[in-house]
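Novice: I would like the atomic coordinates for the input below:
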Amino acid sequence: MEKSKAIPPGYMTVGQVAGKTGVTVRTLQYYDKMELLSPSAESEGGRRLYTDKDVVRLHQILSMKSLGFSLDDIKNRLIPLDTPEDVAEALSEQAAALREKIDKLTGSLEAIEALKEEVLMMNAVDFGKYADIVVNLQMKNEYYWLIKNFDNRTLDHFRSRFDKDSGRAMLETFTSLQEEAVRLQREGVSPESGKGQRLAKAYWEMVTAFTDGDMSMLSNLMEAETFEDPKGRWKEKQAVVHSFIEPALEAYFTKTGYDPFAGGHTNACHTD
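Specialist: Purely as a prediction, here's the structure:
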């Protein structure tokens, strides 16, 4: 009874805070030792006392901890809670961090669901392809689904030829050139024009870089045009791309005297 009287109104002991918040006494003592959450006062008997403001601060700490922040990170991110604006700013930071976490979790969930669909469409367990799909999902490669259609020789070439950074760079080049082909086709630009020939040159340089000059891979890559994608838009887009790229490349090869299927001139793809 005497102990209860020793606690001023508006203050709580570490045990009371623990009971109110579900946090252990040991955790609160550790936060105090780390100077992350120190009690606001001390009783005449030496008991360390917390206020409602400390409880709000504890909620701020626990929220950020649940989002994966380390205690050092949390310590640096804590905002004084002296005014309504301070409290609102703290809540805004927590909300922003939570939205970021939700976005990451949503991305992870989508990747898992995408991998599950790809696994079910394969005829056999193939962890090599699974791993390739996971890497491409992490890269946010929208063409990840193509992987299940390629044979091991083609995939081995990809794996030996590209790491994550060079693979991302190649993907960006591929996507950019495909979009340019679609744009030129829709604008009615002639494949034999200067713009068309510059695109053909860049496209062929991409192909030779991708294959490392191994033209025997072209047939495998050309088959990719016929693959079925989950959203049903791949084949339609490839039809538009190749309606421009094929005559552009034909004109380019004629101009340079290069025949990719007969060896041609080794430096043809560098001809301006």
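Novice: residue boundaries of the strands in the stretch 101-250 of the chain?
Specialist: For the stretch 101-250 of the chain, applying DSSP state E, counting those that start in this stretch gives no strands.
Novice: what about it, any weak spots by pLDDT?
Specialist: Low-confidence segments of the stretch 101-250 of the chain (pLDDT under 70): 230-232.
Novice: residues contacting residue 249?
Specialist: 200, 203, 204 (Cβ atoms under 8 Å, 6 or more residues apart in numbering). Yep, even glycine has a C-beta here, placed from its N, CA and C like the rest.
Novice: Pull up the gap between the nearest residue to the second one once chain neighbours are set aside and residue 260, please.
Specialist: I take that to be residue 203. Leaving out its chain neighbours, the residue that sits closest to residue 203 by Cβ to Cβ, 6 or more residues apart in numbering is residue 177, at 5.3 Å. Between residue 177 and residue 260 the computed distance is 17 Å (Cβ to Cβ, to the nearest Å).
Novice: What of residue 155?
Specialist: Taking Cβ to Cβ, one finds residue 155 at 22 Å from residue 260.
Novice: which one of residue 177 and residue 260 has more residues nearby?
Specialist: More crowded of residue 177 and residue 260, by other Cβ atoms under 10 Å: residue 177, with 19 against 16.
Novice: I'd say the more buried one and residue 207 touch.
Specialist: No: between residue 177 and residue 207 there is no contact under Cβ atoms under 8 Å: 9.8 Å.
Novice: For the closest residue to residue 10 other than its chain neighbours, give me the pLDDT.
Specialist: Nearest residue to residue 10, sequence neighbours excluded (Cβ to Cβ, 6+ apart): residue 51, at 6.3 Å. If you check residue 51, the pLDDT there is 90.
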